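# Just need the structure, nothing else, for what follows:
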Amino acid sequence: MLKEYYRDNLDAYDAKSEIQKLSFYPMMFQSALVMMKTGILKEVHQKRRKGITAKEISETLNLPYYGVNTLLETGLTIGLVYLKEDDYYSITKMGFHLLFDEATRVNMNFTHDVCYKSLFHLEESIRTESAAGLKEIGINDETIYPHLSNLEEPIKTSWFDFDHYYSDRAFPEALKIVFKDKPKHMLDIGGNTGKWSIACCKHDNDVKMTIVDLGAQWNVAQENIKNLGLADRINGVVGNVLSKDLKLPENADAIWMSQFLDCFSESQIEHILANINEKMDENATIYIQDLFWDRQKDFAAAYSLHGTSLYFTTVANGNSKMYHSRDMINIINKVGLEVVEDIDEVGEFHTILKCRRKK
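Below you'll find the predicted structure:
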């Protein structure tokens, strides 16, 4: 569905124009962010019918005229504002979305707070397969995962807002898909703050949940679970899924992994799925919910996922990414599992691969 975007279909003039834009993308990104944070874009929106001048905005916001004028002129090029007449600015549709679209806000804050400085270390990360940019957000470790609950602000909020925005949108539809089979005991592998397990307990009064995650994540999830009075229905197993010694609870009839396997390299995914296949009940169902760039219905979504892959490269762990669905399905088949149902556009962006052990 995205093939038309991945062609060399620009003429020489347009190709040169586009590559010149790329040269200044980081500057334009920062300009857009500052126009929003200082209130400049909000002022343009509020006075959009008549238009507003740089001088008027400067006086209203008590900002230097030079800076306001420079950002507004840059905003013309980015496409956030336009001139109704000489010196009078109004907002464009792009500017409107920058102000009010939640996905745009979440993505920009994640890019700025979590990834921007870290991407200075992209080449090192590519050469070494390590998260060389982690030090830019104050972490001296191989991966970000053990430190999520202790990230400094605003990095912590931006990270969790990004993670939850996409998963939360998929939950209502995902719950209907999973509970068609009426599971009684579900493993929530990589359960993080416990959102999925809590949602399952609210959706079905009989289901029991077991969260499998690192200790820091389980501590946060456990607190959330206790506060909601669900401690009798949700328990936890603390451990590293990459460890061969990790013991999974027996008799679970469903296993759930959402936005989890993309946090690992292909060889690590193979290890995780092979371990689950070996230890799970022979009739259990595995639900893999993830974002695959080839399954997106528009270029903007795929573009965002390729950007997210660079986060994994420089910040998360240095060796994972947002995968093509073919790569994930190949690993599933390799470890003795098979996809029995393949559902796209769950919550708009996700795919659920419903898997069982090959007979």
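
# burial measure for L353, as a count.
Residues near L353, counting by other CB atoms under 10 Å, number 23. Every residue, glycine included, has its C-beta placed from N, CA and C.

# Other residues contacting the lengthiest helix in the chain?
Selection of the longest helix in the chain by residue count, based on DSSP state H, yields helix 155-178. Outside helix 155-178, the residues within contact range by CB atoms under 8 Å, 6 or more residues apart in numbering are 102-103, 106-107, 109-110, 112-114, 137, 148-151, 186, 192-193, 195-196, 199-200, 203, 254, 256, 258-259, 287, 289, 291, 343, 346-350, 352, 354.

# Please indicate which of these are buried?
103, 106-107, 109-110, 112-114, 137, 148-149, 151, 186, 192-193, 195-196, 199-200, 254, 256, 258-259, 287, 289, 291, 346-347, 349-350, 352, 354 (16 or more other CB atoms under 10 Å).

# Now do stretch 117-127, average pLDDT.
Across stretch 117-127, pLDDT averages out at 97.

# Tell me which residues of that stretch come out buried.
In stretch 117-127, counting by 16+ other CB under 10 Å, buried: S118, L119, H121, S125.

# would you list every one of the helices in the stretch 1-150 of the chain?
For the stretch 1-150 of the chain, the helices defined by DSSP state H, counting those that start in this stretch cover 12-23, 25-37, 40-46, 54-61, 65-78, 93-100, 102-109, 122-128.

# follow-up on the earlier one: between the buried residues of stretch 117-127, which sits nearest K50?
When the buried residues of stretch 117-127 are compared for distance to K50 (CB to CB), L119 wins out at 40.3 Å.

# Once you drop chain neighbours, what's closest to the closest one?
Spatially, and ignoring its direct neighbours in sequence, L119 is nearest to T314 (5.5 Å; CB to CB, 6 or more residues apart in numbering).

# Three-state assignment for that neighbour, please.
Judged by DSSP: H, G, I helix; E, B strand; the rest coil, the three-state class of T314 is helix.

# Tell me, how many residues neighbour it?
When neighbours are counted by other CB under 10 Å, T314 comes out with 27.

# looking at it, it is touching H121, isn't it?
Yes - T314 is in contact with H121 according to CB atoms under 8 Å; the separation is 5.7 Å.

# shaky segments in the stretch 1-150 of the chain?
Across the stretch 1-150 of the chain, the ranges flagged by pLDDT under 70 are 1, 3-4.

# can you do 90?
Counting by pLDDT under 90, the stretch 1-150 of the chain contains low-confidence residues at 1-18, 21, 85, 146, 149.
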